[in-house]
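**Student:** Structure for the following, please:
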Amino acid sequence: MGLRPGPPLLQIDGITKRFGALVANEGISLTLDRGEVLALLGENGAGKSTLVSILFGHYLADAGQITVDGQPLPPGDPAAALAAGIGMVHQHFTLADNLSVLDNVMLGTERLWQPFSRRAAARAALTDTARRFGLQVDPDARIASLSVGERQRVEILKALVPFGRKAGARILILDEPTAVLTPQESESLFATLGQLVAQGLAIIFISHKLDEVLRVSHRIAVLRGGKLVAQMPAAGASKAQLAQAMVGRDVQRVVREAKAAPATAAAPVCMLQGVTVRGHGAWPQLDNIHLALQPGEVVAIAGVAGNGQHALADLLHGLVAPDAGTVTVAGRALPATPRAWVNAGVARIPEDRHAVGVVGDLPLWENAVLERSSSPAFARGGIVRRGAARAHAQGLVTRFDVRGTEGGGLDTITRGLSGGNMQKLILGRALAGDPQHAGPPVLIVANQPTWGLDIGAVAYVHRQLLDACAAGAALLLISEDLDEIFALADRIAVMHHGRLTDARPAADWTLAAIGLAMAGASQEGAHAA
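**Tutor:** I've put the predicted structure just below:
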């Protein structure tokens, strides 16, 4: 990857954006050269999304100017951004699964009143761009039939193909591009990026994975509190240096200190035997699952999103019942009602904190007791004991360092919290349990507990989870972050198309073996590789 001579392709000068009293971006100035990868780092709420949204025309800056190839970029105009060659690949794919690759590339490129569709020209443009950048795909393949890595290839091609009202991207924004990829698919993506920049494409690379940032980028820019606080070449930078710049202090990565052997003599906290959940897809959501969790043990489930992990979490949150097999907690079969599982000491950390973890329009104190609102600790005769509930909420805010309540206190509307602080509230609610029943939960089911969190918040969540395990809880960690899995897990299993491998000691797995198992290789084949 080499930088191209000449003036910057992208120039951002003094961009400022306010939302009421909040200054999301303050006087940010950056440049991006042809053939350069600029990594954009920062905590949640640091201003990355706002800056990118201004660049893409979704927000209008209060001050500052952006130029592309020396020409001013009309502010607040997504069509102008596309015409200037700015493309974006979002973390969550925006493809229509029931349409072909060609149809997805063409979406939005033609006017509604155009009398005919220029499919032949679009196919030629897609084929030429795919050949030029080494992104081979079948134009007629249905998106639903493609692997996750192939879908991401289509997302990149959507941005690159020049057709209709859309210029081919010269500046490509990648938002957490490896979040849903296997290690092998990530390697393929990195090779693709090398080809893109070799042909002069400029890339803004947004990621929380510092190893990838150091590997892929030429230059790194760090935002904190809406300000640009650091710029540095990637060569010679360290993860510790980047983490310190992001959060303003040293951050110690949390790693399981002693991977204790499973306590086989103890009765399992939770046991799944031959569990099947059929669902409505082409294959069962869970297919003859066997798993046992011991007290104090961390068992991690790896896999590409959409392979049954969501159904497993719902099962252990009491939201669905198995169609076959048995599930027990502390030797008891529980009905498929969330209240029964909460009362049995199962702590729930759901995947989507905004849609499932909290009710965003309720105040913080109500969300703090939401799962136990009928407990005698917080209600009498169906009437909420506000004093007890608020005292419990204040204890969670203090103990778990939930910030963002300075203006409204416990009456702060929960959706106004940052992602990290919302996750701290959910974590505290899960781990604190019912005040009338002392002690930690017996089982923690944590589904993507650090998704989208910055490095400081990740370290905090990991420490709290491991402390709960040290107190005797079993932790089932469902994660797509393999660094997280290797840092925390005693045993690891991989889920693919609803099937679960044996949970083996973490030391028995390699990154390559997990990647192959995530792609559907047999256990024997993955470990042999």
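**Student:** Ile349 reaches Gly428, doesn't it?
**Tutor:** No. Counting by Cβ atoms under 8 Å, Ile349 sits too far from Gly428 to count as a contact (10.6 Å). All C-beta spots, glycine's among them, are computed from the backbone N, C-alpha and C.
**Student:** Those two: who's more crowded?
**Tutor:** Ile349 (26 against 21; other Cβ atoms under 10 Å).
**Student:** which residues touch the more buried one?
**Tutor:** Residues touching Ile349, when contacts are defined by Cβ atoms under 8 Å, 6 or more residues apart in numbering, comprise Gly357, Ile426, Leu427, Ala430, Ile444, Val445, Ala446, Asn447, Pro449.
**Student:** what does Pro183 give?
**Tutor:** By Cβ under 8 Å, 6+ apart, the contact list for Pro183 reads Leu482, Leu511, Ala512, Ile514, Gly515.
**Student:** Same check on Arg142?
**Tutor:** With contacts taken as Cβ under 8 Å, 6+ apart, Arg142 has the following neighbours: Asp97, Asn98, Leu99, Ser100.
**Student:** before we move on, back to that, pick the one among the contacts of Pro183 closest to Lys239.
**Tutor:** Comparing the contacts of Pro183 against Lys239 with Cβ to Cβ picks out Leu482 as the nearest, at 15.9 Å.
**Student:** Dump the contacts of Ile349 into TSV; add pLDDT, neighbour count and distance to Gly45 as well.
**Tutor:** Written out in TSV, the entries for those read as follows (pLDDT from 0 to 100; neighbours: other Cβ atoms under 10 Å; distance: Cβ to Cβ, whole Å):
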residue	pLDDT	neighbour count	distance to Gly45
Gly357	89	23	18
Ile426	92	29	17
Leu427	91	25	18
Ala430	91	24	23
Ile444	95	28	26
Val445	96	27	27
Ala446	94	26	22
Asn447	91	24	23
Pro449	89	28	18
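**Student:** re the thing from before, counting neighbours, which of the contacts of Arg142 end up buried?
**Tutor:** In terms of neighbour count (16 or more other Cβ atoms under 10 Å), the buried residues within the contacts of Arg142 are Ser100.
**Student:** May I ask which two of the contacts of Ile349 are separated the most?
**Tutor:** Pairwise distances across the contacts of Ile349 peak at 14.1 Å for Gly357 and Ile444 (criterion: Cβ to Cβ).
**Student:** shaky segments in the stretch 351-500 of the chain?
**Tutor:** Residue ranges of the stretch 351-500 of the chain with pLDDT under 70: 436-439, 452.
**Student:** run the last query once more with 50
**Tutor:** Filtered on pLDDT under 50, the stretch 351-500 of the chain yields no residues whatsoever.
**Student:** Kindly report the same for the chain.
**Tutor:** Low-confidence regions of the chain, defined here as pLDDT under 50, cover residues 1, 262-263.
**Student:** Checking the spatially most central residue of it next. Helix, strand or coil?
**Tutor:** The centroid of the chain falls nearest to Trp451 when counting by Cα atoms, centre = their mean (3.8 Å). Going by DSSP: H, G, I helix; E, B strand; the rest coil, the secondary structure assigned to Trp451 is coil.
**Student:** thinking it is in contact with His354, fair?
**Tutor:** No. Using Cβ under 8 Å as the test, Trp451 is too far from His354 to be in contact (11.1 Å).
**Student:** Show me the domain layout of the chain.
**Tutor:** If the domains of the chain are taken from automatic domain parsing, they occupy 1-85+170-251, 94-168, 255-345+437-529, 359-436, with pieces of a single domain joined by a plus sign.
**Student:** hang on, Gly64 packs against Ile28?
**Tutor:** Yes. Shown here, Gly64 and Ile28 form a contact pair, counting by Cβ under 8 Å, at 7.5 Å.
**Student:** neighbour-wise, which of the two wins?
**Tutor:** Ranked by neighbour count (other Cβ under 10 Å), Gly64 and Ile28 place Ile28 first, with 23 against 17.
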